[in-house]
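[1] Please work out how this folds:
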Amino acid sequence: MGAKYLPLYALSLDLRHFALIFCFADSSDTDDYVESLTDILQSISGTLQNYYNVTLRCGIGIPVQTPATICDSYQYARQIFRNTESKDAIIAFDTDHSQENDQEFF
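    This next block holds a predicted model:
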């Protein structure tokens, strides 16, 4: 479903969790990535809610340039995912996030 907006890879983590890796054409496309991904994820969430009565909660990581750094973006997404609520179901990691507010991942 998200692939109609951007190329992506979907990875199942377990029965209730999955990760989506969106592929941007170049780094200039990531300037407004939060807005783009939020729109895409809201569309996917609406479809899942209508067809399956499933609520989608998402944490959005940071854009990275190499496959080796996808794990960094994933960890940021996991960290911000803890802050999702029903009213704020899709939130992105703030790259200006101060170091003193960072929490341990595990």
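[2] does Ile60 have beta-bridge partners, and which?
    Taking DSSP bridges as the rule, Ile60 bridges to Ala92.
[3] unless I'm mixing things up, it is touching Ile90, no?
    Yes: the criterion here is C-beta atoms under 8 Å, and Ile60 meets it with Ile90 at 7.1 Å. Glycine gets a C-beta too; all of them are placed from N, C-alpha and C.
[4] any residues in contact with both of those two?
    Listed as contacting both Ile60 and Ile90 by C-beta atoms under 8 Å, 6 or more residues apart in numbering are 38, 41.
[5] So which residues of this protein form strands?
    8-12, 18-22, 58-60, 90-92 (DSSP state E).
[6] Just the pLDDT for the closest residue to Tyr33 other than its chain neighbours.
    Spatial nearest neighbour of Tyr33, chain neighbours left out: Pro63 (5.4 Å); criterion: C-beta to C-beta, 6 or more residues apart in numbering. Among the per-residue scores, Pro63 holds a pLDDT of 91.
[7] rewinding a little: got the strands of the chain as CSV, with distance to Gln49 and mean pLDDT columns?
    Below are those laid out as CSV (distance: least, C-beta to C-beta, whole Å; pLDDT from 0 to 100):
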stretch, distance to Gln49, mean pLDDT
strand 8-12, 18, 93
strand 18-22, 16, 93
strand 58-60, 13, 94
strand 90-92, 13, 91
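[8] Can I get the ones you listed in CSV including mean neighbour count?
    Below are the strands of the chain laid out as CSV (neighbours: other C-beta atoms under 10 Å):
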stretch, mean neighbour count
strand 8-12, 11
strand 18-22, 16
strand 58-60, 20
strand 90-92, 19
